[in-house]
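**Student:** One predicted model, sequence on top.
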Amino acid sequence: MSSATTSPVHRSTPGEAPPHPLRLVWAAMLVGSVASLVASLVLAIDAIRLAEDPSVSLGCDINAVISCGTVASSWQASLLGFPNAYLGLMTEPVVITLAVAALSGVRFPRHVMLAAQVVYTIGLGFAYWLFHQAMFEIGALCPWCMLVTLVTTLVWFELTRINVLQDNLLLPRRVQSVLESAVRSGIDVVVGVSWVLLMVLAVVLKYGEALFA
């Protein structure tokens, strides 16, 4: 770190576990990615069931608003020509591998972490596009999809925290210093929690009592 007022970040050497705060972040990423992988697996199985029988009732078809079947039957659910859940089955194991390796003491090169940030940011954008489509175009919500969106949001914040603290993002020094100070003071946690609460509030304001009808 070039800022004289910023304490240096401990950089773990090969075979050394990451420092305690980062170890907790990597552990949270691991738990979140496993949850997202399970959700993606359920969605992939449901997609196969719908392909076999479009009239099948899925376990999370609760009412007109909470309906995985409605969401899964939309064109948005297979934007690339196959169920979006397959993307989760392909990408979440990568995040899990990164987290397990980091918890074991592996320190990834800067370019690897930068690439992970870029790819995960694209994934975050895709998740929110799907969230917007479900909210305002499809008019139905899938609990498993919502879980994936929630976890993707939290893991993105966690990955960003790691990359800021390890100076992996190739940012201008002034920007890096400001972001690092914000992360060290916990502002990113406040922003992340506030963002999730805003998501919940948006759903409640949009659908209200229909969620429980």
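**Tutor:** Arrived safely.
**Student:** what about the strands in the protein?
**Tutor:** Counting by DSSP state E, one finds no strands in the chain.
**Student:** can you give me the helices in it?
**Tutor:** 20-52, 68-72, 85-103, 110-133, 143-165, 173-184, 187-207 (DSSP state H).
**Student:** Tell me which of those is the most buried.
**Tutor:** helix 68-72 (a mean of 24; mean count of other Cβ atoms under 10 Å). All C-beta spots, glycine's among them, are computed from the backbone N, C-alpha and C.
**Student:** list the helices and strands it packs on?
**Tutor:** helix 20-52, helix 143-165 (3 or more Cβ pairs under 8 Å, 6 or more residues apart in numbering; DSSP states H and E).
**Student:** Give me the contacts around that helix.
**Tutor:** 43, 46-47, 50, 56-61, 77, 83, 134, 138-145 (Cβ atoms under 8 Å, 6 or more residues apart in numbering).
**Student:** and residue 140, how many neighbours?
**Tutor:** Applying other Cβ atoms under 10 Å, we find 22 residues neighbouring residue 140.
**Student:** how far away is it from residue 108?
**Tutor:** Between residue 140 and residue 108 the computed distance is 39 Å (Cβ to Cβ, to the nearest Å).
**Student:** tell me, what residue is most central in this structure?
**Tutor:** residue 152 (0.9 Å; Cα atoms, centre = their mean).
**Student:** I'd like the average pLDDT over stretch 38-56.
**Tutor:** Averaging pLDDT along stretch 38-56 yields 93.
**Student:** Send me that stretch as PDB with only the CA atoms.
**Tutor:** Output of stretch 38-56 as PDB, limited to C-alpha atoms (Å, rounded to 0.1, in the frame of the first residue of the first chain):
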ATOM      1  CA  VAL A  38     -27.700 -26.400  -4.100                       C
ATOM      2  CA  ALA A  39     -30.300 -23.800  -5.400                       C
ATOM      3  CA  SER A  40     -28.900 -24.200  -9.000                       C
ATOM      4  CA  LEU A  41     -29.100 -27.900  -8.700                       C
ATOM      5  CA  VAL A  42     -32.800 -27.800  -7.600                       C
ATOM      6  CA  LEU A  43     -33.500 -25.300 -10.500                       C
ATOM      7  CA  ALA A  44     -31.700 -27.600 -13.000                       C
ATOM      8  CA  ILE A  45     -33.800 -30.600 -11.900                       C
ATOM      9  CA  ASP A  46     -37.000 -28.500 -12.100                       C
ATOM     10  CA  ALA A  47     -36.000 -27.400 -15.600                       C
ATOM     11  CA  ILE A  48     -35.700 -31.100 -16.600                       C
ATOM     12  CA  ARG A  49     -39.100 -31.900 -15.100                       C
ATOM     13  CA  LEU A  50     -40.700 -29.100 -16.900                       C
ATOM     14  CA  ALA A  51     -39.100 -30.200 -20.200                       C
ATOM     15  CA  GLU A  52     -40.600 -33.600 -19.600                       C
ATOM     16  CA  ASP A  53     -44.000 -32.300 -18.600                       C
ATOM     17  CA  PRO A  54     -44.800 -28.600 -19.000                       C
ATOM     18  CA  SER A  55     -47.900 -29.000 -16.800                       C
ATOM     19  CA  VAL A  56     -46.000 -30.400 -13.800                       C
END
